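In: Build the 3D model from these lines:
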Amino acid sequence: MTIAKTIETARQHLTNGNAGAYARIMSGAVRAAASDRAANAYRAAMKADGFDALAAQA
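Out: Purely as a prediction, here's the structure:
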């Protein structure tokens, strides 16, 4: 799955009120990222979505 598609899927869960699924998808994506560019893209999306603490931990 592409970076954009993963972020889109996670945001769909967040929009539907499932913050836990969002957090699991995004933190897992950061851990599985094959490059710093990908990890930073996920972290930037988490910060934009108001999950600053999660982005700092990941």
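
In: surely H13 meets A23?
Out: No - taking contacts as CB atoms under 8 Å, H13 lies outside contact range of A23: 9.2 Å. In short, each C-beta sits where N, CA and C put it, glycine included.

In: which residues of the chain fall in helices?
Out: Remark: helices assigned in the chain by DSSP state H are 3-15, 19-32, 36-48, 52-57.

In: could you give the mean pLDDT of the third one?
Out: This points to helix 36-48. Averaged across helix 36-48, pLDDT comes to 95.

In: again, but for the longest one
Out: This predicted structure assigns helix 19-32 an average pLDDT of 95.

In: which phi and psi does T2 have?
Out: Dihedral pair for T2: phi -80, psi 170, per degrees, to the nearest 10.

In: Give me the most central residue, the chain.
Out: Nearest residue to the geometric centre of the chain (CA atoms, centre = their mean): M26, 2.7 Å.

In: is it true that it touches M46?
Out: Yes - using CB under 8 Å, M26 makes contact with M46 at a distance of 5.4 Å.

In: list the contacts for H13?
Out: Neighbouring residues of H13 by CB atoms under 8 Å, 6 or more residues apart in numbering: A19, A21, Y22, I25.

In: Name only those of those residues that count as buried.
Out: For the contacts of H13, a neighbour count by 16 or more other CB atoms under 10 Å gives the buried set as Y22, I25.

In: In stretch 33-53, which of the residues would be classed as buried?
Out: Neighbour-count burial for stretch 33-53 flags A33, A38, A39, A41, Y42, R43, A45, M46, D49, F51 (criterion: 16+ other CB under 10 Å).
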